[in-house]
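# Quick one: sequence plus predicted model below, questions after.
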Amino acid sequence: MNRELVLLRTFSLAMAGGMVLLASVAFKNNGNHHFEEINAERINIVEADGTVKMIITNVDKFPNGDTKINDRPTNADRKKRSGMIFFNEDGIECGGFIYDGALTENGHSAGLSLTFDQYDGDQVMQLLTTDAKQGDRRRVSSSLVFMDRPEHESQQKTMEIMAEVQALRKTDPAAARAKMQEYQEQGLAGGAPRVMLGKSGSQNNGLFLFDDQGMPRAMFYVDQANQAKLDFYDENGEVLFSFPPVEESK
């Protein structure tokens with residue numbers, strides 16, 4: 001009886017091991033599998049060497065805080081959102097797609113953003129829409145924006161600069177502004193929007209041009225009264241010329 005039990009156990013273990021081996025070989029030899037439906041909280045798309053190239057994630061699994069991707073720190077203060085994050089061949093974040101939307105106490109707040117980054121820097125192109133409702137008032141803004149970024153910007157240095165400036169701001173706001181100005185002059189921080197196409201926060205639809213300090217310089221748009229307008233501004237944001245000319249009140 002004991003001998004038969006030993007033989008039976010040996011046979012069972014051998015069969016189980018054979019099935020595991022067969023399944024492993026089958027999946028290894030055929031890398032293309034069909035699934036009708038998959039539920040996942042997060043999916044990491046990786047290269048053969050393990051480099052993460054894209055992350056598809058829900059809100060809870062969104063990487064921030066102390067999380068590292070490709071041995072690089074992520075933005076510690078970034079809000080968790082569902083969406084996708086892109087990484088280049090060097091494993092550096094280079095853009096992403098995020099979205100959210102929820103009811104608030106007196107309305108709702110929603111947004112969507114698709115961005116592409118300068119190499120080892122922040123975004124130089126953004127498709128952005130925001131939808132905020134408070135009581136009976138609703139404001140929707142949608143635009144395609146192109147931006148300039150600092151020449152010597154890097155993601156790691158930017159995180160260090162922002163942490164330093166934020167700490168200074170708590171005790172000495174003037175010193176914080178001076179320090180930020182210093183980094184901007186060195187080409188390590190800053191950046192500004194240069195071109196925006198779409199609906200602005202003032203609900204004008206058109207083309208909006210900015211100088212290298214982010215100040216508006218020219219606007220060609222249709223306003224809320226469906227009037228087409230062309231405005232030019234100086235470096236201080238004062239109107240230089242408008243067409244059609246603004247009629248002076250008598």
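Looks like it came in fine. Remember, it's a predicted structure, so these values are computed and weren't measured experimentally.
# Who does the residue lying closest to residue 86 once chain neighbours are set aside form a beta bridge with?
Nearest residue to residue 86, sequence neighbours excluded (C-beta to C-beta, 6 or more residues apart in numbering): residue 95, at 4.5 Å. Just so you know, the C-beta spots here come from the backbone N, C-alpha and C atoms, and that holds for glycine as well. For residue 95, the beta-bridge assignment (DSSP bridges) gives partners residue 86, residue 116.
# Please apply the same query to the one 4 residues further on.
According to DSSP bridges, residue 82, residue 112 are recorded as the beta-bridge partners of residue 99.
# The one 5 residues further on now?
Going by DSSP bridges, residue 104 is paired in beta bridges with residue 107.
# Can you give me the neighbour number for it?
Residue 104 has 10 neighbours, counted by other C-beta atoms under 10 Å.
# Which parts of the chain are strands?
42-46, 52-57, 68-69, 72-73, 82-87, 93-104, 107-117, 123-134, 137-148, 192-199, 205-210, 216-222, 228-233, 239-243 (DSSP state E).
# how about CSV for these, with distance to residue 168 and mean pLDDT added?
Shown next, in CSV, are the strands of the chain (distance: least, C-beta to C-beta, whole Å; pLDDT from 0 to 100):
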stretch, distance to residue 168, mean pLDDT
strand 42-46, 36, 97
strand 52-57, 33, 98
strand 68-69, 26, 95
strand 72-73, 21, 92
strand 82-87, 30, 98
strand 93-104, 26, 96
strand 107-117, 26, 97
strand 123-134, 25, 96
strand 137-148, 25, 96
strand 192-199, 22, 97
strand 205-210, 27, 98
strand 216-222, 29, 97
strand 228-233, 32, 97
strand 239-243, 36, 95
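# coming back round to it: quick one: neighbours of the residue nearest to residue 86, just the number.
19.
# these two touch, right, it and residue 124?
No. Contact criterion C-beta atoms under 8 Å: residue 95 and residue 124 do not qualify, at 9.4 Å.
# for stretch 183-199, which positions count as buried?
183, 188-191, 193-194, 196, 198-199 (16 or more other C-beta atoms under 10 Å).
# Stretch 166-182 now?
Across stretch 166-182, burial judged by 16+ other C-beta under 10 Å covers 168, 176, 179-180.
# domain parsing for this structure?
Recorded structural domains for the chain (assignment: automatic domain parsing) are 40-148, 150-190, 192-250.
# now those in CSV, with distance to residue 32?
Formatted as CSV, the domains of the chain follow (distance: least, C-beta to C-beta, whole Å):
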stretch, distance to residue 32
domain 40-148, 16
domain 150-190, 35
domain 192-250, 41
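# closest one to residue 34 among these?
Of all the domains of the chain, domain 40-148 sits nearest to residue 34, with 16.1 Å by C-beta to C-beta.
# Distance from that closest one to the middle of the chain?
Computed by C-alpha atoms, centre = their mean, to the nearest Å, the chain-centroid distance of domain 40-148 equals 3 Å.
# gap between the two ends of that domain?
Across domain 40-148, the terminal residues are separated by 37 Å (C-alpha to C-alpha, to the nearest Å).
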